[in-house]
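> Predicted model follows, preceded by the sequence.
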Amino acid sequence: MSKFADPSQFPTFYELPAAASAAGQASTSSDESWCLLAQIKENMTITKPTLIVTDRTGVDFALLFEDAISLKGFRKAYTVVVPNARRTDREGDGKKAVVRVPAGRSAEVKVSAQKSGEFSCVIQARH
């Protein structure tokens with residue numbers, strides 16, 4: 001089994017903890033750490049930097065950046081790594097859950113043309 005299949009370290013979109021609705025973020029202890037791995041499908045930036053990505057189970061979802069960053073290096077089919085990602089469930093008919101990267105945390109998100117199995121050096125550097 002690939003170490004990237006361990007849901008405690010590399011959860012899929014639906015395995016991500018939910019963000020707290022009031023504060024927009026739930027607190028985590030300093031020893032809790034996980035990374036969401038996803039493949040970029042499309043750059044859908046209009047007003048906020050937004051990517052459509054797919055997790056390892058084939059679930060498509062939006063990755064929204066709260067900072068006004070450039071997504072120039074984030075290309076289709078590249079792998080993106082989002083440390084301590086949280087799923088934001090949105091209320092209303094037809095509204096899908098998303099992953100938001102809070103303001104000030106965009107620099108923590110890494111991207112590479114490499115396949116997710118080659119991200120071990122990036123992940124090991126975090127632990």
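Yes, it's here. Numbering: from 1, shown residues only.

> Tell me how far the residue nearest to Pro11 when sequence neighbours are not counted lies from Lys41.
Nearest residue to Pro11 in three dimensions, chain neighbours excluded: Trp34, at 5.8 Å (CB to CB, 6 or more residues apart in numbering). Quick note: C-beta positions are derived from backbone N, CA and C, even for glycine. Between Trp34 and Lys41 the computed distance is 22 Å (CB to CB, to the nearest Å).

> Looking only at neighbour counts, state which of the two leads.
Trp34 (21 against 14; other CB atoms under 10 Å).

> what sits against the more buried one?
By CB atoms under 8 Å, 6 or more residues apart in numbering, the contact list for Trp34 reads Ser8, Gln9, Phe10, Pro11, Pro83, Asn84, Ala85.

> could those be laid out in CSV, adding secondary structure?
Listed next are those as CSV, based on DSSP: H, G, I helix; E, B strand; the rest coil:
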residue, secondary structure
Ser8, coil
Gln9, coil
Phe10, coil
Pro11, coil
Pro83, strand
Asn84, coil
Ala85, coil
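
> most neighbours, which of these?
Ala85 (24 neighbours).
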